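Enquirer: model this:
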Amino acid sequence: MTTERLFGTQRQERLLAELRGRGAVRVRDLARELGVSELTIRRDIAALAERGLVSKVHGGATLPSRRAATSPPHRVSIRYTLGMVVPSLDFYWPAVIAGARAAAAALGVDLQLRGSSYDPEEDRRQVGRLVEAGEVAGLLLAPSLDGRVPPDWIGRLSVPVVFVERQPRSWPAALASTPAVEWVRTDHAHGLDLAVGHLCEQGHRRVGLVLDRDSPTSAHLLRAWHAARADPALAAVLASQWWVTPGQSVKLLRECRRAGITGLVVHSDPQAADLARCCAEHGMQVPGDMAIVSYDDEVAHLAEPALTAVRPPKSHIGRLAVELMVARLLGGERRPAHRVLLAPDLVVRASSVTRA
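Expert: Below is the predicted model:
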């Protein structure tokens, strides 16, 4: 019961028990009773709220009311059908899809789902099939971006589009003046700040970044990393960054040792788990010799040790994408385009915290 994973679970169970007994709890009181920071309690409340177990209120939490848990949002009078094309139906995206389906059911709209494979041509084929059927009023898309620029064919679609977990840095001519293109994605710069800030709080003074070259998230993290290194206060802390290379974990760890790096932010979970295994095989303790913070929190809890991870608000991303599209269809082009960032959470586990 000494790992962060079990400690966190035990703490959240205590929080729920207090709620059941009192009906409401205050962050300040719980932090004092449990001997942890108020920030830790707020993160616990946020994690439980995401699972629908509590309702966040100013300064604390309450049990969710029965009415709030069962009453749907305002349903629309028109039975819209939305198309959704995502690059994967397994890793990362199931929670996004679940959020989209929940919002669609609550709003009384239909959702037609298609899976692609991080292949631009397959994206186009799947979207084409949805549009040619003539049933969809709008599209939720997570396309593969060439240089983070959407393909021209998206601008020629006859229905409005909401990008999901995508934010193009520039637009082709066909899209540049299209007000109906909106997006919602995770604020990955904030996620990186959470990870680096946590490692600094644990006493690490040299931190490295490891990225997956094939992931769209990596571009956001790398840009945030370079922006943070421009800050004189962080320039000495943020050391090297690497792209994941199969079979090169040992070399990477040796480079970390030479550079005095004791903390790593790793995208994504499989790569972070592989580095943790490599540390164990070569006599490095996690987190004693190398602390690891993963990014995605898909399977981070299954690693040994359980990995601290940045958790994108996947379900909320899917839900908001549907809500944005329905608002667009109801409001028309006079409604301002919405381009939304949602903040991720940091789930602290054993890979970054040493307990006495």
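Enquirer: all contacts plus neighbour counts: C-alpha atoms, from now on.
Expert: Noted.
Enquirer: helices of the stretch 101-250 of the chain, start to end?
Expert: 120-132, 152-155, 173-176, 188-201, 216-229, 232-235, 249-259 (DSSP state H, counting those that start in this stretch).
Enquirer: hey, which of those is tucked in deepest?
Expert: Stretch with highest mean neighbour count among the helices of the stretch 101-250 of the chain: helix 188-201 (a mean of 20; mean count of other CA atoms under 10 Å).
Enquirer: packing partners for it?
Expert: Contact here means 3 or more CA pairs under 8 Å, 6 or more residues apart in numbering; DSSP states H and E; on that basis helix 188-201 packs against helix 216-229, strand 263-267, strand 308-311, strand 345-347.
Enquirer: ok, which of those comes nearest residue 332?
Expert: helix 216-229 (30.2 Å; CA to CA).
Enquirer: and the closest one, what does it pack onto?
Expert: helix 188-201, helix 232-235, strand 238-243.
Enquirer: the first one vs strand 238-243, what angle?
Expert: Interaxial angle, helix 188-201 versus strand 238-243 (axes from the mean of the first three to the mean of the last three CA atoms, to 10 degrees): 130 degrees.
Enquirer: do me a favour and average the pLDDT over helix 188-201.
Expert: Confidence over helix 188-201 (mean pLDDT, whole number) is 95.
Enquirer: can you check stretch 92-103 too?
Expert: 92.
Enquirer: and what of stretch 333-352?
Expert: 91.
Enquirer: now swap in stretch 253-262 and tell me
Expert: 93.
Enquirer: any weak-confidence spans in the stretch 51-200 of the chain?
Expert: In the predicted model of the stretch 51-200 of the chain, residues 64-77, 146-150, 169-180 satisfy pLDDT under 70.
Enquirer: tell me, how many residues neighbour the closest residue to residue 345 other than its chain neighbours?
Expert: Counting by CA to CA, 6 or more residues apart in numbering, residue 311 is the residue found nearest to residue 345 once chain neighbours are left out, at 5.1 Å. Per other CA atoms under 10 Å, the neighbour tally for residue 311 reads 20.
Enquirer: my guess is residue 311 contacts residue 347. True?
Expert: Yes: with contacts counted by CA atoms under 8 Å, residue 311 reaches residue 347, the gap being 6.8 Å.
Enquirer: circling back to that earlier point, for the residue nearest to residue 345, what are its contacts?
Expert: 295-297, 344-347 (CA atoms under 8 Å, 6 or more residues apart in numbering).
Enquirer: ok, so of these, who is nearest residue 223?
Expert: Using CA to CA, those come closest to residue 223 at residue 295, 15.4 Å.
Enquirer: show me what that closest one bridges to in the sheet.
Expert: Counting by DSSP bridges, residue 295 is bridged to residue 267, residue 310.
Enquirer: list the contacts for it?
Expert: Here residue 295 is in contact with 265-269, 309-311 (CA under 8 Å, 6+ apart).
Enquirer: I'd like to know how far it sits from residue 193.
Expert: To residue 193, residue 295 is 12 Å away according to CA to CA, to the nearest Å.
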